[in-house]
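In: okay, structure incoming, though there's no sequence with it:
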């Protein structure tokens, strides 16, 4: 919610920090949930459904709002935002129905990568004027949407591996430092 709010008011540094922390919390909560004692099958199903809802907001709606806000809420950006959110919904519906391919890989690009990639791309924003960076951000959002629904690519499940969680923690701290520095 912080990333959405800060995107709307134009505080992009805090929005970017919020986006990367959303991924960190998402990956971390899965590790914690799997270690909970007494967790029932119903608890797993409930947690899975809750995770899907959170994912569409964090990795579909939030990047779409970032795009619209950065584009000054021009109606042209509504088209890109719609495509990003629609692709997120399709991606999550597909995953909810079919699960992991072979038990280890996602079909299409997993949604959490949307935020990680958007954050990475946004780290280069200061190298461009707003007019030049806006189409880069727009294209990134559309490319990610296409990759999310692609049936041709298989991506590994990164979030269940503790090493990847530590790497994400390092990335999160690094991004927080870089964008936090911009706030000073």
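Out: Perfect, I can see it now. Quick caveat, the model's predicted, so the values are computed rather than measured.
In: switch to C-alpha atoms for all contacts and neighbour counts from now on
Out: OK.
In: residue 79: neighbour count?
Out: 13 (other CA atoms under 10 Å).
In: contact partners for the residue in the chain sticking out farthest from the centre?
Out: Most distant residue from the mean C-alpha position of the chain: residue 38, 30.3 Å away (CA atoms, centre = their mean). Listed by CA atoms under 8 Å, 6 or more residues apart in numbering, the contact set of residue 38 is empty.
In: in a strand, it, correct?
Out: No. Residue 38 is assigned coil when assessed by DSSP: H, G, I helix; E, B strand; the rest coil, not a strand.
In: gap between the helix or strand of the chain with the lowest mean pLDDT and the chain center?
Out: Among the helical and strand segments of the chain, the one scoring lowest on mean pLDDT, DSSP states H and E is helix 41-56, with a mean of 82. Averaging C-alpha positions (CA atoms, centre = their mean, to the nearest Å) puts helix 41-56 17 Å from its chain's average.
In: show me what it is in contact with.
Out: So helix 41-56 is contacted by 26, 85, 88, 89, 92, 111, 112 (CA under 8 Å, 6+ apart).
In: report the separation between residue 166 and residue 159.
Out: Computed with CA to CA, to the nearest Å, the distance linking residue 166 and residue 159 is 10 Å.
In: neighbour count for the two, which is higher?
Out: Comparing residue 166 with residue 159 by other CA under 10 Å, the one with more neighbours is residue 159, at 19 against 13.
In: just give me the neighbour total for residue 169.
Out: 19.
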